[in-house]
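Asks: Return atomic coordinates for the entry below.
(2 chains)
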Amino acid sequence: KQEVTQIPAALSVPEGENLVLNCSFTDSAIYNLQWFRQDPGKGLTSLLLIQSSQREQTSGRLNASLDKSSGRSTLYIAASQPGDSATYLCAVIGSLDTGNQFYFGTGTSLTVIP
Amino acid sequence: DTGVSQDPRHKITKRGQNVTFRCDPISEHNRLYWYRQTLGQGPEFLTYFQNEAQLEKSRLLSDRFSAERPKGSFSTLEIQRTEQGDSAMYLCASSLELAEAFFGQGTRLTVV
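Replies: The predicted structure is shown next:
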């Protein structure tokens, strides 16, 4: 069974810092990896999708990388802002034959201090 | 299209009562997922539909839980004889095949 781990569980940084969130998964046979943001009491907002054939994706101040063979992904946030404070979740899904669910990590809770 | 819609947003019910939640996916999406999330945890898979067919159910989905997706459009999740342990956020997501998945705002269930 796929297991997804996110480190650190919580992170607090001053505004303006660059930061990296880590995600690792045990089964490298994934089809996609997706990063989400979740504000307290809310649903999940999609940030970036990386297909297994890709190495990275960028959206604004966010850059996500994927090393499928080592089972790792990172989410890089540049010039952090207080509005970035949220929980960040990564999820992986398998192939068309096995990809019937997303497996989630427990998330990294980010606090950006003004 | 405004995205995935879930109703209600909040539900408080007494133990033993039945509850039903609704999810309206993005219209062209053929895949629909239900997840459950408790405080401090990542979402846990409950069940998945490909069009109207329910293709997989988690062991978490006891016989008190049932989900439907008639005509491959909206979906309902019913919990019968609710227990306090059912208190959680119930999340619905949809995608077109294995493309990007979009989640709704969730239904927060509190069983008292």
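Asks: List the buried residues of stretch B:63-73.
Replies: Buried residues in stretch B:63-73, counted by 16 or more other Cβ atoms under 10 Å in any protein chain shown: B:Phe65, B:Ser66, B:Ala67, B:Arg69. Where C-beta positions appear, they are placed from N, C-alpha and C, glycine not excepted.
Asks: what stretches of chain A score poorly on pLDDT?
Replies: In the predicted model, chain A carries pLDDT under 70 at residues A:95-99.
Asks: what residues does it put near chain B?
Replies: A:4, A:31-32, A:34, A:36, A:41-46, A:49, A:89, A:91, A:93, A:95-96, A:99-107 (Cβ under 8 Å from any Cβ of the partner chain).
Asks: try 7 Å
Replies: A:31-32, A:34, A:42-44, A:46, A:49, A:89, A:93, A:96, A:99-102, A:104-107 (Cβ under 7 Å from any Cβ of the partner chain).
Asks: what about A:Gly83, which SS state?
Replies: When classified by DSSP: H, G, I helix; E, B strand; the rest coil, A:Gly83 comes out as helix.
Asks: ok, now how distant is it from chain B?
Replies: 18 Å (Cβ to the nearest Cβ, to the nearest Å).
Asks: tally of neighbours for that residue?
Replies: Using other Cβ atoms under 10 Å in any protein chain shown, A:Gly83 has 9 neighbouring residues.
Asks: So which bits of chain B are right by chain A?
Replies: Neighbours of chain A within chain B, by Cβ under 7 Å from any Cβ: B:33, B:41-43, B:45, B:48, B:55-56, B:91, B:98, B:100-106.
Asks: So which of the buried residues of stretch B:63-73 are in strands?
Replies: Using DSSP state E, the members of the buried residues of stretch B:63-73 that fall within strands are B:Phe65, B:Ser66, B:Ala67.
Asks: Please name the nearest non-neighbouring residue to the residue in chain B positioned nearest to chain A.
Replies: Nearest to chain A in chain B, going by Cβ to the nearest Cβ, is B:Gly42, at a distance of 3.5 Å. Nearest-residue entry for B:Gly42: A:Phe104, 3.5 Å, with adjacent residues in sequence omitted and distances by Cβ to Cβ, 6 or more residues apart in numbering or on different chains.
Asks: Can you verify my assumption that the one you found contacts B:Phe45?
Replies: No - with contact defined as Cβ atoms under 7 Å, A:Phe104 does not count as touching B:Phe45 (8.4 Å).
Asks: between those two, which one's more packed in?
Replies: Each of A:Phe104 and B:Phe45 has its neighbours counted (other Cβ under 10 Å); A:Phe104 has more, 24 against 20.
Asks: If the spatially most central residue of chain B is in a bridge, with which residues?
Replies: For chain B, B:Trp34 is the residue whose C-alpha lies nearest the centre (Cα atoms, centre = their mean; 3.6 Å). Beta bridges link B:Trp34 to B:Thr47, B:Cys92, judged by DSSP bridges.
Asks: residues in contact with it?
Replies: Contacts for B:Trp34 (Cβ atoms under 7 Å, 6 or more residues apart in numbering or on different chains) come out as B:Leu46, B:Thr47, B:Ala67, B:Leu77, B:Tyr90, B:Cys92.
Asks: Could you measure from it over to A:Leu19?
Replies: Going from B:Trp34 to A:Leu19 by Cβ to Cβ, to the nearest Å gives 32 Å.
Asks: Report how many residues lie close to B:Gly42.
Replies: Around B:Gly42 there are 22 residues (other Cβ under 10 Å).
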